[in-house]
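A.B. asks: predicted model follows, preceded by the sequence.
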Amino acid sequence: VLENAPEGSVVLSVVATDRDAGPNGDISYQFSQAVGRSHSAFVIDPTSGEIKLTKPLDFEAAENHELSVRATDGGGLSAICKVLVEVVDVNDNVPELVVSSFNSPLPENALPGTVVALFTVRDRDAGANGKISCALEDQLSFSLRSAYKNYYELVTVSALDREETARYILTVTAADVGSPPLTTTQTFTVDISDVNDNAPVFNQTLYTMYVHENNVPTVLIGAVSATDADVGPNAKVIYSLAPAHPTERAPCSCISVNSENGHVFVLRSLDYEQVRQIEVLVSASDAGSPPLSANVTVHLVVVDENDNAPLVLHPSQDSSPPSNELVPMSAEAGYLITKVVAIDADSGQNSWLSYHLLRASDPGLFAVGTQSGEVRLRRAVTERDAVKQKLVILVRDNGRPALSATAALSALLLNDFSDMRLPHSSLSTEDEGGSLTTYLIISLVFVSLLFLTSTAAFVTRK
């Protein structure tokens, strides 16, 4: 009987005969006994002897049933026969997959061949219906390996990378070879645990930052940023300064970096005229064990401020009174008297100098080249012009705000350069004349004493 035969299905009919006549020949049927509880699955018609199912049979519970049927006539005589019912298996059980061990999470540096799971498969059916095959769906990193009869291992077959795939959903299908085949599936969720195999990576290969000179100490000038493809402590980035060159014992003391957020600070005020640029090496390390790190160069550019006034080199402003420039009375317009030379320690437009006539005894007589600093006659010299002309030249830079310096000089208008005494003495101020007279008297006394001493020595020698 097929195990999937429905309730009420006729199994067979038993037939007994009696040679008596009349009531003594009437036969009735009933079960006399059954092995186990087999009788509960069957019912017999007392008149016809037809045996039917009271419920479906289960091959996996009992492969056969032994029934004892009694036939009794009307006179009370009876006979017994044995009925053996064999249950025919049908493919009514899906395969079973039982997991005995499962390792998850799996470290990403696990070697190929690492066992992830161990499981067994079974099917309660018999024959071909109980034969099972297993398969792993669409996976390149894992495979199934038969360890023993109906025992399988789920193993890795290639290197894993958590940063590429952090979780694998593996589906194992067990199928019998019945007709039609029955299948069952088991899903394994394999999480890949992180290993510190990635160093931090800066989002730039070079950082350029700017700070204006005369900055406030501990000023924030920028930030560096690095990320780590790992997770957890392996991805925590810690910033620090490293020596920029192997020969350096310690990093620059004027710059610091915040270890948590990478903010870069200048610790002291900088002077562009002393330091124009600084290079430091910033290191980003993770908190893995062992830690991995990366370095990046930070190029700090000091921006010039207009904090230096022009310095006049010529004419020298250290001597007093100002130097005298000689101009012939015959000089025509455009005659070069002198050139004011100045420098500025700043750079860029802060060092661009322009020259201007600030004051002059006769402003209409002189002109100053704005870019060159050349002092020239604006017109020809006349007899009406004063012999001594005083000029003040303003030298101004192009900063914001602009800084300036002045250069004072005198121009002597002379007919003959060979006789300098009159112009110098006659053009001196009263104070200058008094000083000159004093110097002449002292010189005359000194020369007279020297003459008398020499004469006396000569007479004595005679």
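C.D. replies: That came in fine, so what should we check first?

A.B. asks: list the buried residues for the helix or strand containing E325?
C.D. replies: Element membership for E325 (DSSP states H and E) is strand 324-328. For strand 324-328, a neighbour-count test (16 or more other Cβ atoms under 10 Å) marks N324, E325, V327 as buried. From N, CA and C alone the C-beta is placed, and that goes for glycine too.

A.B. asks: got the contact list for it?
C.D. replies: Here strand 324-328 makes contact (Cβ atoms under 8 Å, 6 or more residues apart in numbering) with 315, 335, 337-338, 375, 377, 381, 388, 409-415, 417, 424.

A.B. asks: cutoff 7 Å now
C.D. replies: Strand 324-328 has contacts (Cβ atoms under 7 Å, 6 or more residues apart in numbering) with Y335, I337, T338, V381, L409, S410, A411, L412, L413, L414, F417.

A.B. asks: show me what that strand pairs with in its sheet, parallel or antiparallel.
C.D. replies: strand 404-414 (parallel) (DSSP bridges).

A.B. asks: what pLDDT does the closest residue to D73 other than its chain neighbours get?
C.D. replies: Nearest-residue entry for D73: D18, 4.7 Å, with adjacent residues in sequence omitted and distances by Cβ to Cβ, 6 or more residues apart in numbering. For D18, the pLDDT comes out at 89.

A.B. asks: distance of D18 from D26?
C.D. replies: For D18, the distance to D26 (Cβ to Cβ, to the nearest Å) stands at 8 Å.

A.B. asks: cool, and P401?
C.D. replies: 139 Å.

A.B. asks: and those two? which has more neighbours close in?
C.D. replies: More neighbours sit around D26 than around the other of P401 and D26, counting by other Cβ atoms under 10 Å; the figures are 14 against 6.

A.B. asks: before we move on, the earlier item: residues contacting the residue nearest to D73?
C.D. replies: G25, I27, D73.

A.B. asks: PyMOL command for the buried members of the residues you listed?
C.D. replies: Typed into PyMOL, the line below selects the buried ones among the contacts of D18, using 16+ other Cβ under 10 Å:
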select buried, resi 27+73
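
A.B. asks: re earlier: so which of the contacts of strand 324-328 is the closest to V83?
C.D. replies: Nearest to V83 among the contacts of strand 324-328, counting by Cβ to Cβ, is T338 at 144.8 Å.

A.B. asks: distance of that closest one relative to A199?
C.D. replies: Distance from T338 to A199, by Cβ to Cβ: 66 Å.

A.B. asks: okay, those two: which has more neighbours?
C.D. replies: More neighbours surround T338 than the other of T338 and A199, with 20 against 17 (other Cβ under 10 Å).

A.B. asks: so what touches the strand or helix carrying the more buried one?
C.D. replies: Assigned by DSSP H and E, T338 belongs to strand 336-339. Counting by Cβ under 7 Å, 6+ apart, strand 336-339 makes contact with P315, E325, V327, G373, E374, V375, R376, L377, L409, A411, all of which sit outside it.

A.B. asks: and what of stretch 156-172?
C.D. replies: Contacts of stretch 156-172 (Cβ under 7 Å, 6+ apart): 97, 108, 110, 112-114, 116, 134, 136-137, 139-144, 154, 185-192, 194, 198, 229.

A.B. asks: buried residues in stretch 296-311?
C.D. replies: Those would be V296, V298, L300, V302, D304, E305, N306, N308, A309, P310, for stretch 296-311 by 16+ other Cβ under 10 Å.

A.B. asks: same question for stretch 271-288.
C.D. replies: Here stretch 271-288 shows Y272, I278, V280, L281, V282, S283, A284, S285, D286, A287, G288 as buried, counting by 16+ other Cβ under 10 Å.

A.B. asks: and what of stretch 122-131?
C.D. replies: Those would be D123, R124, D125, A126, N129, G130, for stretch 122-131 by 16+ other Cβ under 10 Å.

A.B. asks: identify the farthest-apart pair in the contacts of strand 324-328.
C.D. replies: Farthest pair in these, by Cβ to Cβ: L409 and F417, 17.5 Å.

A.B. asks: any idea how far I27 is from the residue nearest to D73?
C.D. replies: D18 is 6 Å from I27, by Cβ to Cβ.

A.B. asks: common neighbours of the two, please.
C.D. replies: Shared contacts of D18 and I27, counting by Cβ under 7 Å, 6+ apart, come down to D73.

A.B. asks: distance of A223 from L292?
C.D. replies: Relative to L292, and taking Cβ to Cβ, A223 is found at 21 Å.

A.B. asks: also P233?
C.D. replies: Look at P233 and L292: by Cβ to Cβ, they are 12 Å apart.

A.B. asks: do the same with M329
C.D. replies: Using Cβ to Cβ, M329 is found at 85 Å from L292.

A.B. asks: ok, V216 - contacts?
C.D. replies: Shown in contact with V216 (Cβ under 7 Å, 6+ apart): no residues.

A.B. asks: check which helix or strand covers it.
C.D. replies: Counting by DSSP H and E, V216 is part of no helix or strand.

A.B. asks: flag the shaky bits of the chain, pLDDT-wise.
C.D. replies: The model of the chain has pLDDT under 70 over residues 33-39, 244-251, 319-321, 416-462.

A.B. asks: now do the domain split for it, please.
C.D. replies: 10-86, 96-193, 201-303, 311-419 (automatic domain parsing).

A.B. asks: JSON lines for these, including distance to E3?
C.D. replies: Output for the domains of the chain, formatted as JSON lines (distance: least, Cβ to Cβ, whole Å):
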{"stretch": "domain 10-86", "distance to E3": "4"}
{"stretch": "domain 96-193", "distance to E3": "10"}
{"stretch": "domain 201-303", "distance to E3": "54"}
{"stretch": "domain 311-419", "distance to E3": "100"}
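
A.B. asks: among these, which is nearest V1?
C.D. replies: Nearest to V1, of all these, is domain 10-86, at 5.7 Å by Cβ to Cβ.

A.B. asks: how about the helices in the protein?
C.D. replies: Along the chain, counting by DSSP state H, helices occupy 421-426, 430-461.
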